[in-house]
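> Return a 3D structure for these sequence lines:
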Amino acid sequence: MKNLWLFLVRYNAIFWFILFFSVSIALVVQHNSYQRTSFINSSNVMVGSFYQQVNSWKSYLSLHDANEKLAAENVLLRQQIQNLLQADTSADSVHITDSIEQGRYAFIVANVANNSVHQKSNYLTLDKGSADGIEKGMGVITSNGVVGIILQTSAHFSSVQSLLHPDTRISVTLDSSEVFGSLVWGSNIDPRFGMVRDIPNHVQVKKGEKVFTSGYSLFPAGIHVGDIVETGIKSGESFLDLKIKLSTNFSNLNHVYIVRDLLVNEKETLETTSQDNG
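Purely as a prediction, here's the structure:
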């Protein structure tokens, strides 16, 4: 207490100056309209800047939640789009399914917990597993393209065999000719490119042509997987290989969508029965 008193006595001139200066400013602002208006405007600018900075910090801190909500909304929109693509059409009418539950595919959003890109055989780890309904063999996509295939699951995690893996093959079709081929990573070491194989050599293919999933594999038809950047690569007497630039950016994966084919069991049962009868 004594030290505090000595401090106040020693610096009393400064405290008196601050007090008288504050009172004088208050009197000037109170009794002069121009100064009062200027003071209020300056205060508003300072307070506005402060709140703007605070809101900027809050927005940054809430980005994770915002991304989660956007990913969930994308799942719903993707299911609705898929239902529209599957709508029955005729010359006179178009039938649109009312409920997304009647569609063939459902989509489950997941976060990428781990990802390799520059290995010979690349894999991903997702934060959804068997407890979330994830099963081996399901396809994995992003809003931009194809990612890979579910390889194994635990209760809360899944491993994905990336498209950047020598054993991954996906059925695709060319935009103009609708010819089918197989999308593979091939002998590439660049995660930006892939190969489309088994294209008949009589097919006219142009650079820049888009490539889509065919719907004959684990993925819905019409998913853009890349654009052709090189044509005329000979793979045999009857077939060509095409080099494409992949639409998926594997170096920057955060949210992905796991594709559940609601009719896969029925399809596999029928195909197995047909093979047994044959």
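> hey, let's count contacts and neighbours off CA atoms from now on
Noted.
> now the closest residue in space to Asn249 that isn't next to it in sequence: how far from Val140?
Take Asn249 and drop its neighbours on the chain: the residue closest to it by Cα to Cα, 6 or more residues apart in numbering is Arg192, 7.0 Å away. Distance, Arg192 to Val140, by Cα to Cα, to the nearest Å: 17 Å.
> and these two? which has more neighbours close in?
In this view Arg192 and Val140 are compared by other Cα atoms under 10 Å, and Val140 has more residues nearby, 26 against 18.
> so the more buried one touches Ile258, yeah?
Yes - here Val140 reaches Ile258: they are 4.5 Å apart, a contact under Cα atoms under 8 Å.
> quick revisit: so what's the residue nearest to Asn249 up against?
Lys245, Leu246, Thr248, Asn249, Phe250 (Cα atoms under 8 Å, 6 or more residues apart in numbering).
> Run a quick neighbour tally on the fourth one.
Taking other Cα under 10 Å as the neighbour definition, Asn249 ends up with a count of 14.
> how close does it sit to Val146?
10 Å.
> ok, now the second one?
According to Cα to Cα, Leu246 and Val146 sit 9 Å apart.
> between those two, what contacts are shared?
Val225.
> Which of these two has more residues huddled nearby?
Val146 (27 against 24).
> how near is the residue nearest to Asn249 to Phe239?
Distance from Arg192 to Phe239, by Cα to Cα: 23 Å.
> ok but Glu266 is inside a helix, no?
Yes - under DSSP: H, G, I helix; E, B strand; the rest coil, Glu266 falls within a helix.
> Look at it and say how many residues are nearby.
By other Cα under 10 Å, the burial measure for Glu266, its neighbour count, is 10.
> just Ser22 next, same as before
12.
> now Phe15
12.
> now it, what's its secondary structure?
With three-state DSSP as the criterion, Phe15 reads helix.
> which residues touch it?
Contacts of Phe15 by Cα under 8 Å, 6+ apart: none found.
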